[in-house]
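Q: could you look at this predicted model? Sequence included:
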Amino acid sequence: MKRHCIPIILTAFAVLFTFSGCKTKTLLPSVSGKAGEIIVIMEKPDWEDALGSDVRELLAHDCPWLAQKEPLYSLVNVVPSAFVDLFKVHRNILLFQVNPQIDSSGIIFKHDVWAAPQCVIQISAPTSAAAAEVLREKGPMIVSSIEQAERDRVIRNTLRYEEFSLYPKITEIFGGSPHFPSGYKLRKATDNFAWIADDKEGVYQDVFIYRYPVEPDPFTLEKIIAHRNEVMKDNVPGMFDGTYMTTSIYFPPTLEYLKYKGRDLAQTRGMWEVQNDFMGGPFVSHSFYSQDGSEILVAEAFVYAPRFDKRQYLRQVESILYSWEWKQPENKEEKDKN
């Protein structure tokens, strides 16, 4: 993501912000705060008026991929005068600087300003209305930046506490694999399907990986769901005879196309359910070409947590999908083939 910056007049607060970003990263403390939480630095009148309403609409609306209501992020308002060291080490900070002495509105994206790994976004504007305009214009970029920061933290911890036995096993089957944190186990593996699970009491966070031959126009929602239902029926039985995982028709799946670290992805979100039973939950999948282009690979994450909020559980296991890496060629002949 490109960083976007519109020049602003540097007030004392902005100068502090800028020089704080020059600290040596190795000396920064670890971030604080809960996953999925954002500190919003804004004067109380603005928080209770239109500007605060716009922030909540952007960052605290209902997660579109969950059956029950859960906010996209949990927001905590802190007024600028109370923005002390305790809050400066928070993982996600959205900082509003509204001052009539500012000539032009702007937004700055920074990382690891007061702590690490930290996401800090500063919006500067002469008026609250102008700040709201920046928020509306750059809203998708703000959400994407925070989402990427949350995802990167999960991947960072995954690599730090990796279950090293899984990557080579999955790579042997598919030519690549995500990285899995400690606690995940290989539950099932065939020539075309793998099930990697971290199942605890009351909470399942699992990943499926499967493949099928390329066909014309393979990345339509209809074809992705048709293949998913076929694979789930064959490989993911329910608790009782005649039951199996499938895709819910009551929560229509969505499809979007992404590019991440050089890979083109078709990302599908939806709700899974068990045919002839009452189990269900959210899933997200990445569909993409194999390295030689002869197959479609799918890496899918799903959650089952009937007694708990699911936003963060899904965000955790979804982040694992983004850690996918292809097997590295072991010799010159393999490199030449690729």
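A: Right, received. Where do you want to start?
Q: quick one, helices of the stretch 51-200 of the chain?
A: Assigned by DSSP state H, counting those that start in this stretch, the helices in the stretch 51-200 of the chain fall at 85-88, 128-137, 139-160, 166-174.
Q: just the pLDDT at the residue located most distally from the centre of the chain, thanks.
A: The centre of the chain is farthest from one residue, residue 101, which by CA atoms, centre = their mean lies 37.1 Å away. Residue 101 carries a pLDDT value of 96.
Q: that one and residue 126 touch, don't they?
A: Yes - using CB atoms under 8 Å, residue 101 is in contact with residue 126, at 7.5 Å. C-beta: built from backbone N, CA, C; applies to glycine.
Q: now the helices for the stretch 201-338 of the chain?
A: Secondary structure of the stretch 201-338 of the chain (DSSP H, counting those that start in this stretch): helices located at 221-235, 311-321, 332-337.
Q: columns distance to residue 157 on top of those helices, output as CSV?
A: Converted to CSV, the helices of the stretch 201-338 of the chain look like this (distance: least, CB to CB, whole Å):
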stretch, distance to residue 157
helix 221-235, 29
helix 311-321, 9
helix 332-337, 31
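Q: as TSV, those with mean pLDDT, mean neighbour count and distance to residue 283 would be great.
A: Shown next, in TSV, are the helices of the stretch 201-338 of the chain (pLDDT from 0 to 100; neighbours: other CB atoms under 10 Å; distance: least, CB to CB, whole Å):
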stretch	mean pLDDT	mean neighbour count	distance to residue 283
helix 221-235	97	17	9
helix 311-321	96	22	8
helix 332-337	53	9	34
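Q: to residue 244, which of those helices lies closest?
A: Relative to residue 244, the nearest member of the helices of the stretch 201-338 of the chain by CB to CB is helix 221-235, separated by 4.8 Å.
Q: how distant is the closest one from the center of its chain?
A: Helix 221-235 sits 24 Å away from the centroid of its parent chain (CA atoms, centre = their mean, to the nearest Å).
Q: so what does it touch, helix or strand wise?
A: Packing partners of helix 221-235 (3 or more CB pairs under 8 Å, 6 or more residues apart in numbering; DSSP states H and E): strand 193-200, strand 203-213, strand 244-247, strand 254-260, strand 263-275, strand 280-289, strand 295-304.
Q: tell me the strands beside the fourth one, with direction?
A: Using DSSP bridges, the strands paired with strand 254-260 are strand 263-275 (antiparallel).
Q: need the helices of the stretch 51-200 of the chain in CSV (columns: distance to residue 53 and mean neighbour count).
A: CSV is the format used below for the helices of the stretch 51-200 of the chain (distance: least, CB to CB, whole Å; neighbours: other CB atoms under 10 Å):
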stretch, distance to residue 53, mean neighbour count
helix 85-88, 22, 14
helix 128-137, 9, 18
helix 139-160, 13, 17
helix 166-174, 45, 17
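Q: now tabulate these in CSV and tack on mean pLDDT and distance to residue 248.
A: Converted to CSV, the helices of the stretch 51-200 of the chain look like this (pLDDT from 0 to 100; distance: least, CB to CB, whole Å):
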stretch, mean pLDDT, distance to residue 248
helix 85-88, 96, 40
helix 128-137, 98, 33
helix 139-160, 96, 24
helix 166-174, 97, 27
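Q: report the buried residues of stretch 279-297.
A: For stretch 279-297, burial by neighbour count (16 or more other CB atoms under 10 Å) applies to 280-289, 295-297.
Q: show me which residues of stretch 260-268 are buried.
A: Buried residues in stretch 260-268, defined by neighbour count with 16+ other CB under 10 Å: 265, 266, 267, 268.
Q: name all residues that make contact with the last one.
A: What that stands for is residue 268. For residue 268, the contact set (CB atoms under 8 Å, 6 or more residues apart in numbering) comprises 221, 224, 225, 228, 253, 254, 255, 284, 285, 287.
Q: go again with 10 Å.
A: If you count contacts by CB atoms under 10 Å, 6 or more residues apart in numbering, residue 268 has them with 219, 221, 224-225, 228, 247, 253-256, 283-287, 298, 300.
Q: for residue 241, state which of the buried residues of stretch 279-297 is nearest.
A: Using CB to CB, residue 280 comes nearest to residue 241 of the buried residues of stretch 279-297, at 19.0 Å.
Q: partners of the residue lying closest to that closest one once chain neighbours are set aside in the sheet?
A: Nearest-residue entry for residue 280: residue 273, 3.9 Å, with adjacent residues in sequence omitted and distances by CB to CB, 6 or more residues apart in numbering. Per DSSP bridges, the residues bridged to residue 273 are residue 246, residue 280.
Q: returning to that earlier point: which of the buried residues of stretch 260-268 sit farthest apart?
A: Comparing every pair within the buried residues of stretch 260-268 by CB to CB identifies 265 and 268 as the most remote, at 9.7 Å.
Q: what touches both of these two?
A: 219, 256, 285, 286, 287.
Q: what's the closest of the helices of the stretch 201-338 of the chain to residue 96?
A: Ranking these by proximity to residue 96 (CB to CB) places helix 311-321 first, at 24.7 Å.
Q: this completes my enquiry, with thanks.
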